[in-house]
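> Task: produce atomic coordinates for the following.
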Amino acid sequence: MVQSAFNHVHTWVFDLDHTLYPPSVNLFGQIERLMADYVMQELGVDRDRANNLRAQYWKTYGTTLAGLMSEHNIDPDPFLVAVHDIDFSILPPAPDLAAAIDALPGRKIIYTNGTAPYARNVINARGLDGLFDAIYGVEHANYRPKPERAAFDTIFARDSLDPTRAAMFEDDVRNLQVPHALGMRTIHVAPTPEPHPHIHHHTPDLAGFLSQLA
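Coordinates of the predicted model:
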């Protein structure tokens with residue numbers, strides 16, 4: 001049974017984007033447009049160049065912000081405020097997911113490469129508010145993004161989390177490699193499986209998967 005693989009888990013760590021809401025809700029499309037706007041303004045490039053840089057930095061550094069900080073010394077806070085000023089009303093409520101998370105034993109936390117205020121807006125729109133014991137954003141990792149080991153170490157130390165008694169739910173397979181190495185149970189949440197040695201489970205339906213664990 002799947003449940004037996006999680007009997008040791010005391011802390012449940014959830015990514016946010018494309019994990020606590022499905023990628024079919026194109027929330028990130030709004031963010032990407034605002035990122036391109038910001039890059040255009042700060043670097044004086046056209047939209048095509050801005051979008052190319054946005055994608056290149058995400059691939060190379062883990063987030064567009066990390067690339068902008070490394071390559072152009074961009075101040076992270078104004079960037080993060082600007083790119084998360086979006087319409088959250090397109091997010092549908094998720095009562096089944098809320099019930100499944102609520103039923104899990106132990107602590108539940110969110111760890112996102114976005115910001116904590118942004119995460120709160122997402123979970124409020126989804127009807128998931130009040131379910132999490134802590135919310136950590138990239139600002140709590142000194143702006144270092146997943147999949148960097150230093151980012152995980154900072155967040156997990158801040159939370160006093162024991163990785164050997166924790167599970168990590170993520171849509172980006174890159175961000176599961178360090179949790180796996182630390183001894184966490186790893187779950188890839190995505191429409192299509194991407195088999196990797198550092199992934200223990202895959203699910204396209206987070207609520208359905210969680211309902212097997214309580």
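> all strands of this structure, in order?
11-14, 107-111, 134-136, 166-170, 185-189, 201-203 (DSSP state E).
> Adding distance to N51, write those strands out as a markdown table.
For the C-beta atoms, the positions are set from N, CA and C on the backbone; glycine is no exception. Formatted as a markdown table, the strands of the chain follow (distance: least, Cβ to Cβ, whole Å):
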| stretch | distance to N51 |
| --- | --- |
| strand 11-14 | 29 |
| strand 107-111 | 27 |
| strand 134-136 | 28 |
| strand 166-170 | 24 |
| strand 185-189 | 26 |
| strand 201-203 | 30 |
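> Now mean pLDDT, distance to N121 and mean neighbour count too, for those strands, in JSON lines please.
Output for those, formatted as JSON lines (pLDDT from 0 to 100; distance: least, Cβ to Cβ, whole Å; neighbours: other Cβ atoms under 10 Å):
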{"stretch": "strand 11-14", "mean pLDDT": "98", "distance to N121": "16", "mean neighbour count": "25"}
{"stretch": "strand 107-111", "mean pLDDT": "98", "distance to N121": "12", "mean neighbour count": "21"}
{"stretch": "strand 134-136", "mean pLDDT": "98", "distance to N121": "11", "mean neighbour count": "20"}
{"stretch": "strand 166-170", "mean pLDDT": "98", "distance to N121": "20", "mean neighbour count": "24"}
{"stretch": "strand 185-189", "mean pLDDT": "98", "distance to N121": "20", "mean neighbour count": "23"}
{"stretch": "strand 201-203", "mean pLDDT": "97", "distance to N121": "25", "mean neighbour count": "17"}
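> burial count for A190?
By other Cβ atoms under 10 Å, 18 other residues sit near A190.
> And for L53?
Using other Cβ under 10 Å, L53 has 21 neighbouring residues.
> Would you agree it is in contact with S70?
No. Using Cβ atoms under 8 Å, L53 is not in contact with S70, being 12.0 Å away.
> List the buried residues of the longest helix seen in the chain.
Assignment by DSSP state H gives helix 27-43 as the longest helix of the chain. The neighbour-count check on helix 27-43 (16 or more other Cβ atoms under 10 Å) flags L27, Q30, I31, E32, L34, M35, A36, Y38, V39, M40, E42 as buried.
> Would you enumerate the residues in contact with P93?
A125, R126, G127 (Cβ atoms under 8 Å, 6 or more residues apart in numbering).
> From Q41, how far out is P117?
According to Cβ to Cβ, to the nearest Å, P117 and Q41 sit 22 Å apart.
> I meant to write R185 there.
The spacing between R185 and Q41, counted by Cβ to Cβ, is 42 Å.
> next one: L210
As defined by Cβ to Cβ, L210 lies at a distance of 41 Å from Q41.
> Which of the buried residues of helix 27-43 sits closest to N121?
Checking the buried residues of helix 27-43 against N121 by Cβ to Cβ gives L27 as the nearest, at 10.1 Å.
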